[in-house]
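1. could you work out the structure for the sequence below:
(one chain, ligands or ions: 1)
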Amino acid sequence: MNLQQLLSAMEDEKEFTQRLTAWAKNPSRPARYEPLSVQLHPELERTIEQRGICNLYSHQVQAVEAALEGRNPVIATPTASGKSLGYILPILHHTLSEPSTRSLLLFPTKALAQDQRSNIQSWIDSLEADISTYTYDGDTPPNVRKNIRSAGHVVISNPDMLHTGILPHHTKWVRLFENLQYIVIDELHTYRGVFGSHVANVLRRLLRIARFYGSEPVLITCSATIANPRQLAERLTGRQFELIDQSGAPQGEKHVLLYNPPVVNKQLGIRQNSLISARSLVRRFLSNGLQTIVFARSRLQVEVLLSYLRHSVPSANIRGYRGGYLPGQRREIERGLRSGEIQGVVATNALELGIDIGSLQAAVLVGYPGTVASTWQQMGRVGRGEEVSAAFLVASSNALDQHIINHPEYFFSQSPESALINPDNLLILVNHLKCAAFELPFARGEKFGDQDIEEILIYLAEHRILHRSGDKWYWMAEGFPAEDISLRSASRENVVIVDTTEVEPSVIGEVDEFSAPMLVHEGAIYLHESQQYQVEKLDMEENKAFVRQVDVNFYTDASLAVEVGVLDVMREDASPTHQKYFGEVRLTAQPTKFKKVRFHTHENVGWGDIHLPPQEMHTSAYWVALQQSVVRHFGKSELESGLLGLANLLAEVSPLYLSCDRNDLYVINQVRSPFTERPTIYVCDAYPGGVGFGQKLYDVEDQVLQSCRDLVKSCECSHGCPSCVGAIKEVSHLAKEAASRLLHYLLQARAAD
Ligand SMILES: [Zn+2]
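-> Take a look at the predicted model:
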C-alpha cells in the first residue's frame, strides 16, 4: 500500500480513529514565484538557468533583494523551502563582481557546515569560477588553515570555532575582516538559552573586530518557524532586520494526526505506554515500505524503541540516531536515509536540525517534543516537494502531553514559542568581555553591544586581569581566555565509551560529562544501536566508561536527587496568601539509584545504588512560599501531598510559558524551607548562571497558576494521575484535591486585589 491507501484504510478502522483527537489535512499548495528586480552577475544568471531554475520562489527573491540592498534579511520559512539560495546568490553575485569579497557562514554544528559547503561548491563548479570555499573547524588540518585565512572567499564555520579559533587570532585573518561583505547565521532558532546568550556575545566580538578593520557586513539569517525570528536576530546581533516569513515553495498534501493511547487502568489513569503504541503504528508504515522517521524524547527511549522495531519488522533496515554516536556512524546513517537504503530511523531531536536526510514520508513523534516550534520542525521532516505525507503525534501520559492532545485547537492555533536569550547574563558577559579585551583593547566609553561596561572593566582591572593605561584597557593576565569558556551548557569534555568484550578494546560512542553519571554509571545497561552493554567501570578522572556486551531482558533508568539553597534574592513580592521570589540559588545534584525496567512490559524488576559524588551549580530560580493563612486550612499529610502535586503541575506547565524543555528546569518542593521557613516550591533554571526562566515565571506567575488549575480541573481521573498531579503511588490519593484547594487559595487572593 502507498501512503494514501494506508491512510484511507486507517480511516475505516474504528479502533484507530477513536484514539485520534485530531486529523488535520493540509491541502497542497502550488509554488509562488516572483521576478527578481535586481540584475545579478551575468555568469550567475546563466548558471541559475543551467541548473534548471526558471523562477525563484517569492521568499527567495525577497531575501536576495534585501541582502543586495543591505537590509539584513531574516528568512523564516519551513524546512526544505530553499532558504539557502537567499544567501548563496548574493554571496556569489558579490564575489563574482569583486573577487576580494569575503563571506563568513556560521552553522551550529560541524555536520551542517560540511553539508552546506558541498552545496555551495556545486554552485561554484557550475559557475566554473575562481571562488574558493572552505569549512574551518576543529577537523581542518593545520597546513590548510593558512590557505583558508588568506584565500578563502567563503569561510564556513561554527560559533565555537569563531570563539576560540578565529576571533582571538584576528591578526592572521586580516583579508577576511577587511573585506567582510556577508555574515550568514543559519539555524538561528538554535541560538537560544545559554548557548544563544554566549553566541550573541561572540557576535558582538565579531562585529567589533570587523569594525576595527573597517567593514560593516550585511547579515543574512535563516530560522525555522519560531514566534520571534526578527526579535531573536536583532537581540543576537544588535542590528535591525527585515523579516521574510511567507514561503513561496510548493507543498504536498500533509496529514497531521494526534493520537492518544488507550487507557489501560481507568482508576489510576494509566495509559498504554507511548512507546508500545508507537511501535504498532511505525510497524504499519515500515512493513508497507514507507520511509519513516520516529522522534523519541530521550537517548534511552531511542534505543528501547529501536530494539522493539528491529524485533517486530526484522526485514526493514532501521537505525538509531542520537548524540553519542560517533560522527562517522552518523554520516553513514544520513547517507543511507538520503539514498533510501535505510527505511526507518529512530532519533532524538539531534535530527531536528537542517541536516539533509532527503524526503521521508511518515513521521511519528513519541511524546510531545515540549514546544510547538519543535513539534513543527520534527513534523517538517516529511513531505518535501509535492508528495503526500503524514505526521503523527503519540501522546505519553504526562500532563503536558495530555493537555496538548486533548486541546488540539490550542495546538493548531498556537503560534510557535519565542526563543529567549539573555546576552547580558553577568557571568556570560564578563567572560566574553575578557575575550574581547584580549582581542582588542577597550577604549574609554566604548560599549559592548548596547551595554555600558565601564564598571566591569574597572572590576577586571582591580583583579589584575586588565590593565588601564591612558584611555584604554589592555589584557594583562596570562593565558588565553577563550580556551576556558565553553559556549555550550554541556561541558566540552566527553566520556568515551570503551567496549571491552573483545581482547582488543574499541570505542563505540561517547556521552557528555554532565549526563555520564546518569547514563553510564556502574551497573547501568547502556544501549547503542539496540545492542546492550553493561557498564563495568566509570572513570570520571580519565573520562572513560568501560562496558561489556550482555544480553539481558531489561534496561536501567537512573534517578537524580536535587537539593536547593538560596544565595540571593533579587525581587520579591508578598500577597495575603503567598510570597514569590526571584533570585539566585545553589543546586546540588546527585544520582542516587537506578531501577531495572523489563523490556516490553516496562515492569520494575529491581534496584541498584549509584556511588558518585554530587555536582554543584549556581543558577537562578523563581520560588513561591505559602503564607500561614493558607497553610492553616490543611492537615499535615494533606499539605505534603498538595505541595508535591502542585510542584508536579508547575513542572509540566512552566515549559509552556518558557519555551523550554521539561528537562531545562528542576522543580523542588520543601515542606519547611530553611530559607522561607514555610512550605515552598522552587522552579530552577537547569543551566549555570540561569537563562532568565526564573524571572519570566516571576512575571507570569498568575497565568501559570491559572493553567495549573485548568489542567487539574479538566483531568478526568478521580484522585490524581500522571496526567495531572502525578501517579497516586508517588503523590498519594490526597494530592489532586489538596493541590486544587491550594490553587484556589493562591488565585483567590489575586482576584481580590
Ligand atoms: Zn488526573
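2. in the stretch 551-700 of the chain, which spans are helices?
-> 628-631, 636-658, 693-699 (DSSP state H, counting those that start in this stretch).
3. in CSV: these, plus distance to the ion, mean neighbour count and mean pLDDT.
-> Quick note: C-beta positions are derived from backbone N, CA and C, even for glycine. Shown next, in CSV, are the helices of the stretch 551-700 of the chain (distance: least, CB to the ion, whole Å; neighbours: other CB atoms under 10 Å; pLDDT from 0 to 100):
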stretch, distance to the ion, mean neighbour count, mean pLDDT
helix 628-631, 23, 15, 94
helix 636-658, 10, 22, 91
helix 693-699, 23, 22, 89
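4. minimum distance to Asn143: which of those has it?
-> helix 693-699 (45.6 Å; CB to CB).
5. send me the closest one as PDB with only the CA atoms.
-> Only the C-alpha atoms of helix 693-699 are listed here, as PDB (Å, rounded to 0.1, in the frame of the first residue of the first chain):
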ATOM      1  CA  PHE A 693      13.400  31.400  33.200                       C
ATOM      2  CA  GLY A 694      13.100  32.400  36.900                       C
ATOM      3  CA  GLN A 695      12.400  36.000  36.100                       C
ATOM      4  CA  LYS A 696       9.900  35.200  33.400                       C
ATOM      5  CA  LEU A 697       8.000  32.900  35.800                       C
ATOM      6  CA  TYR A 698       8.000  35.600  38.500                       C
ATOM      7  CA  ASP A 699       6.300  37.900  35.900                       C
END
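6. and after that helix, which helix or strand comes next?
-> On the C-terminal side of helix 693-699, the nearest following helix or strand under DSSP states H and E is helix 701-714.
7. tell me the contacts of Pro517?
-> With contacts defined as CB atoms under 8 Å, 6 or more residues apart in numbering, the neighbours of Pro517 are 538, 540, 558, 591, 610, 612, 615.
8. which two of the residues you listed have the greatest separation?
-> Using CB to CB, the contacts of Pro517 span at most 15.0 Å, a distance reached by Met540 and Ala558.
9. so for those two, which residue has more residues nearby?
-> Ala558 (20 against 14; other CB atoms under 10 Å).
10. would you mind measuring from that one to Gly383?
-> 38 Å (CB to CB, to the nearest Å).
11. and Glu513, how far from Pro73?
-> Between Glu513 and Pro73 the computed distance is 38 Å (CB to CB).
12. and these two? Which one has more around it.
-> Neighbour count, other CB under 10 Å: between Glu513 and Pro73, Pro73 has more, with 28 against 16.
13. and the closest residue to Tyr555 other than its chain neighbours, what does it touch?
-> Spatially, and ignoring its direct neighbours in sequence, Tyr555 is nearest to Ile525 (4.9 Å; CB to CB, 6 or more residues apart in numbering). Residues in contact with Ile525, defined by CB under 8 Å, 6+ apart, are 532-535, 550, 552, 554-556, 596.
14. ok, what's across the strand from Ile525?
-> For Ile525, the beta-bridge partners are Gln534 (DSSP bridges).
15. His633: how many residues sit nearby?
-> His633 has 13 neighbours, counted by other CB under 10 Å.
16. quick check: residues of this structure near the ion?
-> By CB under 5 Å from the ion, the residues of the chain that approach the ion are 715, 717, 721, 723-724.
17. can I get the residues you listed in JSON lines including secondary structure, distance to Leu6 and pLDDT?
-> Shown next, in JSON lines, are the residues of the chain next to the ion (DSSP: H, G, I helix; E, B strand; the rest coil; distance: CB to CB, whole Å; pLDDT from 0 to 100):
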{"residue": "Cys715", "secondary structure": "coil", "distance to Leu6": "34", "pLDDT": "82"}
{"residue": "Cys717", "secondary structure": "coil", "distance to Leu6": "34", "pLDDT": "82"}
{"residue": "Cys721", "secondary structure": "coil", "distance to Leu6": "33", "pLDDT": "83"}
{"residue": "Ser723", "secondary structure": "coil", "distance to Leu6": "30", "pLDDT": "81"}
{"residue": "Cys724", "secondary structure": "coil", "distance to Leu6": "35", "pLDDT": "86"}
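18. any chance of these in CSV, plus distance to Phe582 and neighbour count?
-> Output for these, formatted as CSV (distance: CB to CB, whole Å; neighbours: other CB atoms under 10 Å):
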residue, distance to Phe582, neighbour count
Cys715, 29, 20
Cys717, 33, 19
Cys721, 31, 27
Ser723, 29, 29
Cys724, 27, 28
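19. excluding chain neighbours, what is closest to the residue of the stretch 251-400 of the chain found nearest the ion?
-> When distances are taken as CB to the ion, the stretch 251-400 of the chain reaches nearest to the ion at Gly269, 5.2 Å away. Of all residues not flanking Gly269 in the chain, Cys721 sits nearest, at 2.7 Å (CB to CB, 6+ apart).
20. hang on, that neighbour packs against Lys266?
-> No. Using CB atoms under 8 Å, Cys721 is not in contact with Lys266; the gap is 9.8 Å.
21. buried residues of stretch 125-141, list them for me.
-> 127, 129, 131, 133-137 (16 or more other CB atoms under 10 Å).
22. most neighbours, which of the contacts of Pro517?
-> If you rank the contacts of Pro517 by neighbour count (other CB under 10 Å), Leu538 sits at the top with 24 neighbours.
23. re the thing from before, the residue of the stretch 251-400 of the chain closest to the ion: how many residues sit nearby?
-> Neighbour count of Gly269, defined by other CB under 10 Å: 22.
24. where does the prediction get shaky in the stretch 651-753 of the chain?
-> The stretch 651-753 of the chain contains residues with pLDDT under 70 at 659, 749-753.
25. other SSEs contacting the helix or strand hosting Gln114?
-> Here Gln114, judged by DSSP H and E, is contained in helix 110-127. Under the contact criterion of 3 or more CB pairs under 8 Å, 6 or more residues apart in numbering; DSSP states H and E, helix 110-127 touches helix 42-50, helix 85-97, strand 133-135, strand 154-157, helix 327-339.
26. dump the ones you listed to a markdown table, plus mean pLDDT.
-> Output for the helices and strands packed on helix 110-127, formatted as a markdown table (pLDDT from 0 to 100):
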| stretch | mean pLDDT |
| --- | --- |
| helix 42-50 | 94 |
| helix 85-97 | 97 |
| strand 133-135 | 94 |
| strand 154-157 | 96 |
| helix 327-339 | 89 |
